[in-house]
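Enquirer: Return a 3D structure for these sequence lines:
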Amino acid sequence: MSLDFLYDLSVCTVNCVHCQNARHGPVFTQEPSDSVFPLRSEDNKVFINCKAKGNPVPHYKWKVDGRYIDMDLNYNLVEGNLLINHPHATHHGGVYQCIATNVFGTIVSREAKVQFAYLQNFSRKSRNTVSVREGQAVVLLCGPPPHNGEIKYSWVFNGRPSFLLQDTRRFVSQRTGNLYIAKVEASDVGNYTCVVRNMMTNATAYSSPTPVELRRDGEHAPLLYEPKIEVQFPESLHVTKGTSVKLECFALGNPVPSITWRRTDGNPLPGKIKINHSNGVLEIPYFRPEDAGVYECVAENSRGKNVAKGQLVFQNVHMAIEANLQWECKASGKPKPVYRWLKNGEPLVPEDRILVEGGRLAVPRINLLDSGMYQCLAENEHGAIYASAELKVVASSPDFSSSPVKKSMLIQRGGEVIMECRPHASPRASISWRRGGEFLKDSTRRTIMGDGTLRISNISESDGGRYTCVARNPFGTSSSTGTLVVKEPTKITVPPLSVDATVGESIVLPCEVSGDSSLDPTFKWFFNGKLIDFNRQDHFEMIGVGSAGDLMVRNIQLKHSGKYVCMVHTVVDSVSAAAHLIVRGPPGAPEGLIVGEITDSTAQLSWESGPDNHSPVTTYSIQARTPFSIGWQAVRTVPDSVPGQMFHATVIDLNPWVDYEFRVVASNNVGVGEPSMQSKQIRTKAAVPEVAPGNVSGGGGRRGELVIQWEPIPEELQSGEEFGYVVAFRPLGTSTWKQTVLASPDASRYTFRNDSVPPLSQFEVKVGVYNNKGEGPSSHVVVVYSAEEEPSEPPSRVWTRTLSASEIEVYWEPITQTASSWKIIGYEVLCWEEGMQESDAEMVRVTDTAALLSGLKGSTVYLISVRAQNSAGAGPSSPAVNVTTKKPPPSQPPGNIEWNLTNSKIFLSWEHVKAMGNESEVTGYKVSVVSVIAGSLKTKQMQFVGLPQHSGPIRIPKMSSKRELFLSFTIHRIHFWYNRFKVSRVPSTKFCLITMNPTGTMCLLMSVFVFFRS
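Expert: Now for the predicted structure:
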């Protein structure tokens, strides 16, 4: 059962002047509320809140199930709150009520039911599948299980670990637990599970999944419909001071409605208000009197809008003496509740002045004795609820201290002024006005309205001066004075003019004013009804100073078309002027492209015009795309140039049996517009192929073969299914063609084999095409030679030269042209070790008459043979030639290196290297010196030394002191042939001498290389 307080006040509310210490009756700031506690409370205590303010401070009593509570071991009073120690579900469960009293009267709190929290499980019965069409709305019912205590509703989609996120399309009501989907999408198909959590016990229960599927019967485009508000708040809600109010509002609709909130009195929403769940929930924390009023939830989409309203009512009431009090109390419940009224905690008995009729209370001409605490009690067989309010009857003389007449009022000549006179007075004061010492009366230009407001129209300079409002009631008289100053009106002398512009241009809309020189005008520009924020707009700039506020629009775009308003404000008036800007741009995309009749090479297209953007369309062009094209390509049409008034054309010169997409592009005098959406993909009909293979050629192959080659026809030119080639050839000078059919569309080569075909015979050749529609054209006839025969002789005068332990050079004489009937394309050099088979030989192919064989073993005998090669294959091999590789170099570096440093000379000595039996003989050494200063290579010296194992003096830069000596080892191998030698990397002795001199650090890298004789 819910209870709302409605107030109908026939006299305007006034405030008396009082301080914080004003004496008054008790007013509940916190009342006990229905409370649910977990069955196992950790501190084993129950705390029931009750707090009232009053002067003097109220004292408290408590009732449970209608009986006053005696404070004992189980019950304690903490200020006004009731503490229950060691509560027991049976003994301490029940209905509690708090009573607060001071000298001004007594108030009784609402009844609070104390219970213990629990949450049972959902029924395990499976839920029915919900079928809905895409674009429609759906509501999934939660149907929570039996429970007690505050619960929170959530939903899970397809068993995912996280809860379903709420947005503008999906909403979970914490009042019903249901899930509302404003517009169903394909992604919504799945299983939905309602999750209920008891906020007291943290127990959680999961429902059986509710499957949602899309209906496919009679599919059609989703219907669009206006918003239907499915979740809304009560029409009237009674709210106490300091509490938090949550209002829910959610609408179904297609497109998805947007939700906005507002107050009907035009006041802005308080800054403390929180709006969440994509505007579906409005929360007002710490409710205060100024938060009371009528709130609206507006649901809107392109099809319309819907509004839900509700009034939030604050309890406390101040009324003027002798005003008429009319209160109405409404409650809902089954069975219908009955009402009783209490004053200061005692039943209110109807008498001559007091009328009680159900939930209505009327007291005419209230007096000071009527002040007190009033409560409306609504009850039925299920229980009772209370709503409370304090009535303060105020009696005071007129007072302007909080609302004086405005001290100075500026108004333009010819305008209208309204001077308000709103003193605080109880009862209401009578109002009169005077100018100077003369009281004013109503005239054609002056009117004193019923609420005391003075209105003067068509102001002239003579109306300027001091005006005084005089207020009287039985308790006294008071007055307040203000001054009226008349100014010259502001006029726009150079207004903005409507103009046409082209995309990309820049324009200036002028706005200049004249007026009173003492007033500073402020310029504002509006575009299509919205104020232009120049800090956030790249295209707009306001230029000009003083009496000018021109608007510059840079780099104009189509979106800038519309109405521009220049508004000029001063402290006394506002004027405005408007102009329209028409932006001409390339046309918009054509719409509704349809492909009609299709042949093997044509397609009929039709479309509808798109926006012309204020410049008529002059021509249309058509573009096509296939799986084989690079992007969109222009295509030929009939007519060749499609005029802007024509919305159909025939595309020609298409390839048969190819998938095409089309789009249309419009052009006007400004430029080329955006293309239309592409058409559905279509395929042209099949036809006989029209393109013959190109680049037919041949030749080569093995003896007895005729090789024929061509470029295959691309798929987009095959014109149909079952595409293939017809290859025809005949000996030159004969009349009969020999034909063969290749059923592969990718074929590009055919080889005819016949051992009786002489080498290099001439054949006439042509290649044709066919598909399932018939045979197409053939290529031009070309002459192709049959294969030649292999070379009949081997190369002659094969000889070799050993270079090292791993390399041999081979030379030979080329074979004569008579030994081969066609061109020699290269030679094959075979190399194998003695004792192995020629079939195991390593082969090197070259085009010259010399070859370098490397990677061989040292001191090894090899057999070398050479054969010639042409397009038919390789000829016979030459007789094998024996050759032996050289011995390898010494493997050991010089050892026991000694050195002697004297001034700038170094003397080195080392131990002689003795070659092994399979190594080359040592013939000498090389000493290399490299200077490295600060990491950079500076100088290099080299000295050759014969067999004596020492070097001559090596000069180096003068050293001030020796620091460190480093030794490292590398080896160099030196090969001799003729008068040349070659150095290759093998281990040798190397060391580094680090010295210091005034210019820095120097490292001398020294190596001893070994000369050897092969």
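Enquirer: Spell out the secondary structure type for the closest residue to Trp799 other than its chain neighbours.
Expert: Setting aside the residues directly before and after it, Trp799 is nearest to Tyr811 in space (C-beta to C-beta, 6 or more residues apart in numbering), at 5.5 Å. All C-beta spots, glycine's among them, are computed from the backbone N, C-alpha and C. Three-state call for Tyr811 (DSSP: H, G, I helix; E, B strand; the rest coil): strand.
Enquirer: wait, what's in contact with Tyr811?
Expert: Going by C-beta atoms under 8 Å, 6 or more residues apart in numbering, Tyr811 touches 797-801, 849-850.
Enquirer: can you pull up the bridge partners for it?
Expert: Assessed by DSSP bridges, Tyr811 has beta-bridge partners Trp799, Ala850.
Enquirer: before we move on, the earlier item: pull out the buried residues from the contacts of Tyr811.
Expert: Listed as buried from the contacts of Tyr811 are 798, 800; burial here means 16 or more other C-beta atoms under 10 Å.
Enquirer: In TSV, list the contacts of Tyr811 along with pLDDT.
Expert: Below are these laid out as TSV (pLDDT from 0 to 100):
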residue	pLDDT
Arg797	92
Val798	92
Trp799	93
Thr800	93
Arg801	93
Thr849	90
Ala850	93
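Enquirer: Turn the contacts of Tyr811 into a markdown table, columns for distance to Asn178.
Expert: Listed next are the contacts of Tyr811 as a markdown table, based on distance: C-beta to C-beta, whole Å:
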| residue | distance to Asn178 |
| --- | --- |
| Arg797 | 103 |
| Val798 | 99 |
| Trp799 | 102 |
| Thr800 | 98 |
| Arg801 | 99 |
| Thr849 | 95 |
| Ala850 | 94 |
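Enquirer: Between the contacts of Tyr811, which sits nearest Phe157?
Expert: Phe157 lies nearest to Ala850 out of these, by C-beta to C-beta, at 79.1 Å.
Enquirer: Contact partners for that closest one?
Expert: Going by C-beta under 8 Å, 6+ apart, Ala850 touches 809-812.
Enquirer: Might you report the residue contacts of the most centrally placed residue in the chain?
Expert: The chain has Asp167 as the residue nearest its centroid, 15.5 Å off, counting by C-alpha atoms, centre = their mean. Neighbouring residues of Asp167 by C-beta under 8 Å, 6+ apart: Ser278.
Enquirer: buried stuff in stretch 435-450?
Expert: Going by 16+ other C-beta under 10 Å, stretch 435-450 has these buried residues: 440, 448.
Enquirer: Just the pLDDT at Tyr192, thanks.
Expert: pLDDT recorded at Tyr192 is 96.
Enquirer: For the helix or strand encompassing it, list every residue counted as buried.
Expert: Using DSSP states H and E, Tyr192 sits within strand 190-198. By 16+ other C-beta under 10 Å, the buried positions in strand 190-198 come out as 192-198.
Enquirer: Over to stretch 662-674 now: how far is its first residue from its last?
Expert: One end of stretch 662-674 sits 14 Å from the other (C-alpha to C-alpha, to the nearest Å).
Enquirer: Stretch 366-381 too?
Expert: Taking C-alpha to C-alpha as the criterion, the two ends of stretch 366-381 lie 35 Å apart.
Enquirer: which residue ranges form the helices in this structure?
Expert: 89-92 (DSSP state H).
Enquirer: low pLDDT regions in it?
Expert: Applying pLDDT under 70 to the chain picks out residues 1-21, 39-43, 89-90, 218-221, 277, 315-318, 817-822, 903-904, 930-1014.
Enquirer: Now with 50, please.
Expert: Low-confidence segments of the chain, defined by pLDDT under 50: 1-20, 819-820, 958-990, 992-1005, 1013-1014.
Enquirer: if I look at the residue nearest to Trp799, how far off is Leu853?
Expert: 12 Å (C-beta to C-beta, to the nearest Å).
Enquirer: Can you check the distance spanned by stretch 621-636, start to finish?
Expert: Start-to-end, stretch 621-636 (C-alpha to C-alpha) is 9 Å.
Enquirer: Please list the outside residues in contact with it.
Expert: Where contact means C-beta under 8 Å, 6+ apart, the residues beyond stretch 621-636 that reach it are 605, 637, 642, 649, 651-655, 658-665, 667, 675, 678, 714-716.
Enquirer: Ok, stretch 605-618 next?
Expert: Looking at what lies outside stretch 605-618 - C-beta under 8 Å, 6+ apart - the contacts are 500, 558, 561, 582-596, 620, 622, 643-644, 647-651, 662, 664, 666-670, 673, 676, 679.
Enquirer: Can I get it as CSV, trimmed to CA atoms?
Expert: Extracted in CSV, the C-alpha atoms of stretch 605-618 (Å, rounded to 0.1, in the frame of the first residue of the first chain):
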residue,chain,number,x,y,z
LEU,A,605,19.9,0.3,-64.9
SER,A,606,17.4,2.7,-63.2
TRP,A,607,17.7,4.9,-60.1
GLU,A,608,16.2,7.8,-58.3
SER,A,609,17.8,11.2,-57.8
GLY,A,610,19.4,12.2,-54.6
PRO,A,611,19.7,15.7,-53.2
ASP,A,612,21.0,18.2,-55.7
ASN,A,613,22.4,20.4,-52.9
HIS,A,614,21.0,23.5,-54.6
SER,A,615,22.6,23.0,-58.0
PRO,A,616,20.8,20.9,-60.5
VAL,A,617,22.3,17.6,-61.7
THR,A,618,23.7,17.9,-65.2
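Enquirer: The closest residue in space to Ile107 that isn't next to it in sequence - how many residues pack around it?
Expert: Using C-beta to C-beta, 6+ apart and skipping residues adjacent in sequence, the residue nearest Ile107 is Met373, 4.0 Å away. As a burial measure, Met373 scores 27 neighbours (other C-beta atoms under 10 Å).
Enquirer: and Met373, bridged to which residues?
Expert: When bridges are called by DSSP bridges, Met373 pairs up with Glu390.
Enquirer: isn't it right up against Leu348?
Expert: No - using C-beta atoms under 8 Å as the test, Met373 is too far from Leu348 to be in contact (11.0 Å).
Enquirer: Check the gap between the residue nearest to Trp799 and Thr847 for me.
Expert: In this view, Tyr811 and Thr847 are 15 Å apart by C-beta to C-beta.
Enquirer: Backbone dihedrals for Glu505, please?
Expert: With angles defined as degrees, to the nearest 10, Glu505 sits at phi -80, psi 170.
Enquirer: mind listing what it touches?
Expert: Contacts of Glu505 (C-beta under 8 Å, 6+ apart): 555-556.
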